[in-house]
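Chemist: Model the following, please.
(one chain, ligands or ions: 1)
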Amino acid sequence: MAGAAQLRARNASFWEQAAPGWIRHAERQDEFGRPLGAAAIERLRAAPGERVLDVGCGCGGTTAELAAAVGPTGVAVGVDLSEAMVAAARHRFSQPRFLAGDIETMGAVPGAPFDAAYSRMTVMVLADPVAGLTTIAQSLRPGGRFAATVFRDAGTVPWLPAAVLGAAPHVGDLPPLPLGNEPGPFAFADPARIERLLTAAGFGTVVIEPRDVTLNPPDEPDAVAEWLIEIGPAGAAYREAAAPAQASARSGAARMLERFRTHGVGYRLPAGIWLVSAELGG
Ligand SMILES: C[S@@+](CC[C@H](N)C(=O)[O-])C[C@H]1O[C@@H](n2cnc3c(N)ncnc32)[C@H](O)[C@@H]1O
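Modeler: Numbering: from 1, shown residues only. The predicted structure is shown next:
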């Protein structure tokens, strides 16, 4: 297992290199990725006038959704490690505030205390999840709420490795494969571990529930393949590849994704997620 400093450096470099793909596909991610976080938005029940935090906000789509829920008398703040994604979020949405920073080392997020914190598909990629979750806890008021989603195990999200497998033979080196509990899409597969981490960060009333959702992008194999390659671990290598290799990577991924496709109708991409909610003791 790599040490904390090495994991943090690896995480920073991964997201710096991933950012252009996430920015390029921001609209697609908002539209077709919404089921990945909708359960946590519902669980959070952000109310008009509240102050809410979105951790790992990416290009800001979910922060904008939270801003709409809290309305003009509330405050929504999105935080992300990637300065490029934060810049894109600011460009895309005027109402929420967006901050670039590492949730693991911020102490408390400027704008704290918040009534509630939300996070879609981020806490499992943190190099030191207890440090990140502690910042979230320290940024909430007593009694503050936290709701997040993370992937369950890879078997419940088969299209994610499928897109990587299809693209990888056609592009250059990929980042190191996460081992064990190293940060990555499946690092929070074990609910007992999630509970331990949240408790260590100071949260109580931890509830972890399985949800099965489906992403329904349209029947556009080339575009869907490119989206899934570019937001995944092959994204940086794909962008560096020459155009013919990129085309081969897209068709390789599209072939692997074929089993999730109904011709003329679209894709049904299943995703097993944990809906994680917790509260800060009052
Ligand atoms: C899988 S993406 C999810 C983005 C967005 N929440 C979504 O669902 O579309 C993970 C995000 O977490 C951010 N991130 C990773 N480590 C972070 C850290 N230590 N502090 C803040 N953000 C971090 C990345 O830059 C990336 O935008």
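Chemist: can we go C-alpha only for contacts and neighbour counts from here?
Modeler: Fine.
Chemist: In contact with the nearest residue to Asp219 once chain neighbours are set aside, which residues are there?
Modeler: Among residues not flanking Asp219 along the chain, Gly266 sits closest, at 3.8 Å (C-alpha to C-alpha, 6 or more residues apart in numbering). Residues near Gly266 by C-alpha atoms under 8 Å, 6 or more residues apart in numbering: Asn216, Pro217, Pro218, Asp219, Glu220.
Chemist: what about the residue in the stretch 151-282 of the chain that the ligand sits nearest to, which helix or strand?
Modeler: Nearest residue of the stretch 151-282 of the chain to the ligand: Pro185, at 7.4 Å (C-alpha to the nearest ligand atom). Under DSSP states H and E, no helix or strand contains Pro185.
Chemist: any idea how far stretch 105-113 is from the chain center?
Modeler: In terms of C-alpha atoms, centre = their mean, to the nearest Å, the centre of stretch 105-113 is found 20 Å from the chain centre.
Chemist: So what touches it?
Modeler: Arg51, Val77, Ile103, Ala131, Gly132, Thr135, Ile136, Gln138, Ser139, Leu140, Arg141.
Chemist: What is the three-state secondary structure of the fourth one?
Modeler: Put simply, Ala131 is helix when judged by DSSP: H, G, I helix; E, B strand; the rest coil.
Chemist: Can you pull the phi/psi pair for the residue nearest to it when sequence neighbours are not counted?
Modeler: Spatially, and ignoring its direct neighbours in sequence, Ala131 is nearest to Glu104 (4.8 Å; C-alpha to C-alpha, 6+ apart). As for Glu104, its main-chain torsions (degrees, to the nearest 10) stand at phi -80, psi -20.
Chemist: Help me confirm that Glu104 comes into contact with Ala137.
Modeler: No: counting by C-alpha atoms under 8 Å, Glu104 sits too far from Ala137 to count as a contact (11.4 Å).
Chemist: okay, those two: which has more neighbours?
Modeler: Ala137 (28 against 20; other C-alpha atoms under 10 Å).
Chemist: I'd like to know which elements the strand or helix carrying that one is packed against.
Modeler: Using DSSP H and E, the element containing Ala137 is helix 129-138. In terms of contacts (3 or more C-alpha pairs under 8 Å, 6 or more residues apart in numbering; DSSP states H and E), helix 129-138 is packed against helix 191-200.
Chemist: what comes up buried for the helix it packs on?
Modeler: Pro191, Ile194, Glu195, Leu197, Leu198, Thr199 (16 or more other C-alpha atoms under 10 Å).
Chemist: Include distance to the ligand and pLDDT when you put those into CSV, please.
Modeler: What follows is these, written out as CSV (distance: C-alpha to the nearest ligand atom, whole Å; pLDDT from 0 to 100):
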residue, distance to the ligand, pLDDT
Pro191, 19, 98
Ile194, 17, 98
Glu195, 19, 98
Leu197, 15, 98
Leu198, 16, 98
Thr199, 19, 97
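Chemist: which one of these sits closest to Ala69?
Modeler: Leu198 (25.7 Å; C-alpha to C-alpha).
Chemist: Against the ligand, how distant is the closest residue to that closest one other than its chain neighbours?
Modeler: In this structure, Leu198 finds its nearest non-sequential neighbour in Leu133, 6.7 Å apart by C-alpha to C-alpha, 6+ apart. Going from Leu133 to the ligand by C-alpha to the nearest ligand atom, to the nearest Å gives 10 Å.
Chemist: ok and the helix holding Ala137 relative to helix 191-200, angle-wise?
Modeler: Calculated by axes from the mean of the first three to the mean of the last three C-alpha atoms, to 10 degrees, helix 129-138 forms an angle of 50 degrees with helix 191-200.
Chemist: which residues are contacting stretch 226-240?
Modeler: For stretch 226-240, using C-alpha under 8 Å, 6+ apart, the contacting residues are 17-18, 21-22, 25, 28, 160, 163-164, 167-168, 171-175, 246, 249-250, 253.
Chemist: show me what contacts the residue of the stretch 151-282 of the chain closest to the ligand?
Modeler: Shown in contact with Pro185 (C-alpha under 8 Å, 6+ apart): Met121, Met124, Val125, Val150, Phe151.
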